[in-house]
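> Next one to model:
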Amino acid sequence: MKKIASIIFAAMLGASFVSTAAFASPEKGQRIYQKKLKKVCGFNGAKFAAKHTQDEWEEIHDAGKFEDEIQKLCPKYKKGYLKKSQLENVYDFAYEYASDSGNVPSC
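Sure thing, here's the model as predicted:
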């Protein structure tokens, strides 16, 4: 019984470290936008995120067309410029600060 409890505790502890690192974040997405996309797009992150509502961003992302949408909004953007993890963070940023969110980014 003691061995099972130790295994369960170790698994829960390990999962807590993995789960926090696995999620994308709007803050990281904002930094990535500022460093890598602002020049390419020609406008700030607030304007980028406000191009769509949260539902629209979610629909684009779920359809697997988020990078295509970046390319559409930012014609100088080349597919593959951002890694998948960076795209997830930028998506979280766009969703968090979408036109209907009421949030305004500081970039």
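> so K51 makes contact with K72?
No. Counting by C-beta atoms under 8 Å, K51 does not reach K72; the two are 9.4 Å apart. C-beta: built from backbone N, CA, C; applies to glycine.
> neighbour count winner among these two?
With neighbours defined as other C-beta atoms under 10 Å, K51 and K72 compare such that K51 has more, 15 against 12.
> quick one, what contacts that one?
Counting by C-beta atoms under 8 Å, 6 or more residues apart in numbering, K51 makes contact with 73, 99.
> Distance of it relative to I70?
10 Å (C-beta to C-beta, to the nearest Å).
> Ok, M1 next?
Counting by C-beta to C-beta, the gap from M1 to I70 is 53 Å.
> and what of I60?
Using C-beta to C-beta, I60 is found at 10 Å from I70.
> Can you pick out the residue with more neighbours from those two?
A count of neighbours by other C-beta under 10 Å puts I70 above the other of I60 and I70, at 23 against 20.
> I'd assumed S106 was in contact with F93.
No. The pair F93 and S106 does not pass the contact test of C-beta under 8 Å, sitting 11.5 Å apart.
> Looking at the two, which one has more neighbours?
In terms of neighbours (other C-beta under 10 Å), F93 is the more surrounded of F93 and S106; the figures are 28 against 9.
> Does the more buried one lie in a helix or a strand, and which?
Here F93 sits within helix 84-96, counting by DSSP states H and E.
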